[in-house]
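Novice: this one's sequence-less:
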């Protein structure tokens, strides 16, 4: 088949790689004039790393995470997920370095178009919309869809010259701070806060105060943040997945932009791309059937996790922390195994 992939982010690149490996002719269009180092950090769960390794992607730029801990004020660990001990490969990257690793294995047969505001021009057999949350491909194919503001806004940055040994998400009063080690003595940091949508970034002194109660690595990392490097965006998602139509198949954020509360946004795009290549010969309905229930559960679970993390009343915050601390490790581990299992199954079939 002759396939036009629109969008050269993670999902679009993986789709182009997977489709070409199955013998399809692929044209990949990206509106940016060049693949440039942009963005902050990203965590890839075991489902994503397994698929990328089967596609031949070199993941050497990633930092292997041993565990992911949720901590309360003062640094107390409320819940831990020992992913390495569980046998999983979970990697943290500078987003630009992951993108470069995907570009490096893009088959030479792919017809790459950079600096192109692409749309479905009627040529070829199929269009794959991989152009993000505000997808023009989706808009043209199915019209406007409902977006949902999570109630939280977020700032992200890469902080150089900092070495930490563990990945943590730290809960304050309606605010969260994530610290994720990546290669090269750097950390990826994300800061969230419950705020009205569209409000500008306040002075750093005000932001810094939101996280004053946090312990562990937080104070030292906060001291090293350059406020000028913070990338700010509201956490907006699609209210429900939208998969396109028979000629236009959607993947990634274009299909199901979701909150990042389980670190599965990119992983779902990677799964989509691999499953699209697998189901192409069976038609659009087969692709949707293979993806919808899986993605919808991840989307809703991520939404609920964010709502719990952002509760405002002190008694509810105390109760949330107690529930997190009392939840048996077997339950937490089991949830993660269930979360990544479908993606591992996709990787086995590649």
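Specialist: In hand now; what should we look at? Remember, it's a predicted structure, so these values are computed and weren't measured experimentally. Numbering: from 1, shown residues only.
Novice: if you average pLDDT over the longest helix along the chain, what comes out?
Specialist: When the chain is parsed with DSSP state H, its longest helix is helix 284-309. Mean pLDDT, helix 284-309: 97.
Novice: Which parts of the chain are helices?
Specialist: Under DSSP H, the chain gives helices at 10-21, 46-54, 95-104, 136-142, 204-210, 218-224, 253-256, 265-279, 284-309, 314-326, 329-349.
Novice: tell me the most buried of the ones you listed?
Specialist: helix 253-256 (a mean of 28; mean count of other C-beta atoms under 10 Å). From N, CA and C alone the C-beta is placed, and that goes for glycine too.
Novice: Which neighbouring elements make contact with that helix?
Specialist: Packing partners of helix 253-256 (3 or more C-beta pairs under 8 Å, 6 or more residues apart in numbering; DSSP states H and E): helix 136-142, strand 231-238, helix 265-279, helix 284-309.
Novice: One more pass at 7 Å, please.
Specialist: helix 265-279 (3 or more C-beta pairs under 7 Å, 6 or more residues apart in numbering; DSSP states H and E).
Novice: what's the helix it packs on packed up against?
Specialist: helix 10-21, strand 41-44, helix 46-54, helix 253-256, helix 284-309, helix 329-349.
Novice: Now distance to residue 185 too, for the ones you listed, in TSV please.
Specialist: Below are those laid out as TSV (distance: least, C-beta to C-beta, whole Å):
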stretch	distance to residue 185
helix 10-21	25
strand 41-44	14
helix 46-54	22
helix 253-256	31
helix 284-309	28
helix 329-349	28
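Novice: Of all these, which one is nearest residue 234?
Specialist: helix 284-309 (12.6 Å; C-beta to C-beta).
Novice: In this structure residue 28 contacts residue 112, no?
Specialist: Yes - counting by C-beta atoms under 7 Å, residue 112 is a contact partner of residue 28 at 5.3 Å.
Novice: out of those two, which sits in the more crowded spot?
Specialist: residue 28 (27 against 16; other C-beta atoms under 10 Å).
Novice: what's the closest of the helices of the chain to residue 121?
Specialist: helix 136-142 (10.9 Å).
Novice: per-residue pLDDT, residue 37?
Specialist: So residue 37 comes in at 63 (pLDDT).
Novice: Could you pull out the buried residues of stretch 72-91?
Specialist: 72-73, 75, 78-83, 88-91 (16 or more other C-beta atoms under 10 Å).
Novice: for the chain, which spans come out with low pLDDT?
Specialist: Residues of the chain that meet the criterion pLDDT under 70 lie in 37.
Novice: Spatially central residue in it, please.
Specialist: In the chain, the centroid-proximal residue (C-alpha atoms, centre = their mean) is residue 265; its distance is 3.1 Å.
Novice: how about the nearest residue to residue 116, chain neighbours excluded?
Specialist: residue 29 (4.7 Å; C-beta to C-beta, 6 or more residues apart in numbering).
Novice: Go ahead and confirm the one you found touches residue 112.
Specialist: No - applying C-beta under 7 Å as the test, residue 29 and residue 112 come out as separate, 8.2 Å apart.
Novice: neighbours around residue 251, how many?
Specialist: For residue 251, using other C-beta under 10 Å, the count is 31.
Novice: So it versus residue 66, what's the distance?
Specialist: 31 Å (C-beta to C-beta, to the nearest Å).
Novice: How about residue 176?
Specialist: Residue 176 is 21 Å from residue 66, by C-beta to C-beta.
Novice: Please say which of those two ends up with more neighbours.
Specialist: Neighbours per residue (other C-beta under 10 Å) separate residue 176 from residue 66, with residue 176 holding more: 23 against 13.
Novice: Give the bridge partners for the more buried one, please.
Specialist: residue 171, residue 192 (DSSP bridges).
Novice: OK, contacts around it?
Specialist: Residue 176 makes contacts with 169, 170, 192, 309, as judged by C-beta atoms under 7 Å, 6 or more residues apart in numbering.
Novice: Pick out whichever of these sits closest to residue 132.
Specialist: residue 192 (20.3 Å).
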